[in-house]
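Asker: make a model of this:
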Amino acid sequence: MRGKTRCPYCNKQVIVEVPDGAVGLQKTKCPNCGMNIVVDVKGKEEKKEESFVIHPLVKKEKTSKPMIAGTLLVIVFVMGILLGSFILLSQESIFKGYGEYKAKVFDEEGKPLQGVKAYLDNKTVVSDKEGIIHFSNVSAGKHILWLYKEGYKSMKIKVLVLPWRNFLTDKFKMEKGNGTIERKSFLYTASLFLPYLASGIIIVSIPALIGAIFCFLRKQALIALICSIFGIFSIGPFFIGSILSIVALALIVLSRDEFS
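Answerer: Alright, predicted model coming up:
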């Protein structure tokens, strides 16, 4: 083993070697001047240990929070991709089959209009005393609904008929006078934004996967936090993706000291 000492002949501080495990007075040779010298191994060893005292490091015990957060973000990513893809692919299916369409017609004072003639998909109906028009067995998809009543402006309305029972009833106000008013129903307008909504869900789901990777590596807590915030906007079925992202965000905040 090796240790430091000062040579009494050349007065230089040198590193000398003695047999491993040796204690007490030991003979060795000065590597600087070559003279034989005697060193006290015990005294030197104690001084060496004193000079290099290693204090115990207080390390924070690692928890499973980052791993759980990463797992949740992976689930958010998968759910977001599936939901966005489903919306994009299901657009074609909503234009297949047959469904029904209901709407309520009222005047400028909010009173139901009876006797309004409605034309949709080569079918004709007349509104009842409640102002309700009801079409059944209508081909699914986008259609033009026409409304006519004497003394009122006609209405040309773009509507969407779904291939299942419609629980929504559109409402349209007819104005007195001549001419034609053009409108779009709520479902028709919403259908125009479906591709953008689906693409947006897919895009904001990707950062969730990136955040999961940083959680598993326990690195860059800030990036993991930002990615989990993006995951909140991935929505997921019944907003499950948003809820899981919020939980993951909380776990990352609680375990941020475990990230390097």
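Asker: pull up the distance across stretch 111-121, start to finish.
Answerer: 27 Å (CA to CA, to the nearest Å).
Asker: now the helix or strand hosting Leu197: average pLDDT?
Answerer: Assessed by DSSP states H and E, Leu197 sits inside helix 186-217. Mean pLDDT, helix 186-217: 91.
Asker: which other helices and strands does the helix or strand that comes right after it contact?
Answerer: Using DSSP H and E, the next helix or strand after helix 186-217 towards the C-terminus is helix 221-232. Under the contact criterion of 3 or more CB pairs under 8 Å, 6 or more residues apart in numbering; DSSP states H and E, helix 221-232 touches helix 65-90, helix 186-217, helix 240-254. Glycine gets a C-beta too; all of them are placed from N, C-alpha and C.
Asker: try it again with 6 Å
Answerer: helix 186-217, helix 240-254 (3 or more CB pairs under 6 Å, 6 or more residues apart in numbering; DSSP states H and E).
Asker: could you count how many residues lie near His143?
Answerer: With neighbours defined by other CB atoms under 10 Å, the count for His143 comes to 21.
Asker: quick one, what contacts it?
Answerer: Shown in contact with His143 (CB atoms under 6 Å, 6 or more residues apart in numbering): 120-121, 159, 161.
Asker: give me the phi and psi for it.
Answerer: His143 has phi and psi values of phi -140, psi 170 when expressed as degrees, to the nearest 10.
Asker: how about Ile132?
Answerer: phi -90, psi 130.
Asker: I'd like to know how far it sits from Val126.
Answerer: Distance, Ile132 to Val126, using CB to CB, to the nearest Å: 10 Å.
Asker: out of those two, which sits in the more crowded spot?
Answerer: Higher neighbour count among Ile132 and Val126: Ile132, with 16 against 12, using other CB under 10 Å.
Asker: and the pLDDT at that one?
Answerer: If you check Ile132, the pLDDT there is 95.
Asker: so how far is Phe172 from it?
Answerer: Taking CB to CB, one finds Ile132 at 11 Å from Phe172.
Asker: kindly report the same for Val41.
Answerer: 102 Å.
Asker: pipe the contacts of His143 into TSV and attach neighbour count, pLDDT and distance to Ser185 per row.
Answerer: Shown next, in TSV, are those (neighbours: other CB atoms under 10 Å; pLDDT from 0 to 100; distance: CB to CB, whole Å):
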residue	neighbour count	pLDDT	distance to Ser185
Leu120	21	95	11
Asp121	17	89	14
Val159	23	95	4
Val161	26	91	10
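Asker: count of neighbours near the spatially closest residue to Gly211 that is not a sequence neighbour?
Answerer: Of all residues beyond its chain neighbours, the one nearest Gly211 is Cys227 (2.7 Å), with distances taken as CB to CB, 6 or more residues apart in numbering. For Cys227, the neighbour count with other CB under 10 Å is 28.
Asker: greatest separation within the contacts of His143: which pair is it?
Answerer: The largest separation in those, counting by CB to CB, is between Asp121 and Val159 at 9.8 Å.
Asker: and for Ser245, the neighbour number?
Answerer: 32.
Asker: and for Ile133?
Answerer: Count around Ile133 with other CB under 10 Å applied: 24.
Asker: which parts of the stretch 1-150 of the chain are strands?
Answerer: Remark: strands assigned in the stretch 1-150 of the chain by DSSP state E, counting those that start in this stretch are 2-6, 13-17, 25-29, 36-40, 98-106, 117-120, 123-126, 132-139, 141-148.
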